[in-house]
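Student: From the sequence below, what's the structure:
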Amino acid sequence: MRAKSCGTMAVLPICRLPNNAVLRQKARRVSRIDGSVQRLIDDMIETMQKANGVGLAASQVGVPLRVIVVQMPGEEPVVLINPEIVKCAGEQEVTEACLSVPGYYGEIKRSAAVTVKGKDRNWKAIRIRAEGLMAEALEHEIDHLDGKLYIDHVESSDRLHKVERLVIPERGTIEPES
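Tutor: Residues are numbered from 1 along each chain as shown. All right, here's what the predicted structure looks like:
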């Protein structure tokens, strides 16, 4: 059974570069679940969905707490509180973009598979083993909680590109912001 928060959900403003203050700080661990954390989770899910994102970290909406949400196409959102990567395997070359770095995408390396542990929104322990896009999304969002952005993983400037119109399989089309 999923815990529900009180009130209505809201789309939150997404912090973007050059707003480095919150995007570059390490997020604090959540010590307990209360109504404000449940509302934050609901708002993060709605914000991610409205922005057509695959994932969102609390720091991206200006809240320096260790909370992420990830949603694969056609699936229910996954909520992780205090997530930690406990195992990485392999390597994959990926094309990443980020709601906090609009107008760009980069070619970087991520783990091909990860195991992540944390708590769900009901404060139950959860462990996720993921490959491919889900592994990439989990690594990307956990990086946010540590003040890192995907652009920090770009090996050279010729691997960072300005968006003109980008189609990424499983994610759809990224259009430049006007």
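Student: what packs against the longest helix belonging to the chain?
Tutor: Longest helix in the chain, counting residues (DSSP state H): helix 35-50. When contacts are defined as 3 or more Cβ pairs under 8 Å, 6 or more residues apart in numbering; DSSP states H and E, helix 35-50 sits against strand 55-57, strand 67-70, strand 78-89. For glycine as for every other residue, the C-beta is placed from the backbone atoms N, C-alpha and C.
Student: hmm, try it at 7 Å
Tutor: Contacts defined by 3 or more Cβ pairs under 7 Å, 6 or more residues apart in numbering; DSSP states H and E place helix 35-50 against strand 55-57, strand 67-70.
Student: From start to finish, how long is stretch 57-68 in a straight line?
Tutor: The straight-line separation of the ends of stretch 57-68 (Cα to Cα, to the nearest Å) is 4 Å.
Student: Check stretch 127-136 too.
Tutor: 16 Å.
Student: and if you look at stretch 25-37?
Tutor: 19 Å.
Student: Any regions of the protein where pLDDT drops low?
Tutor: 1-8, 165-178 (pLDDT under 70).
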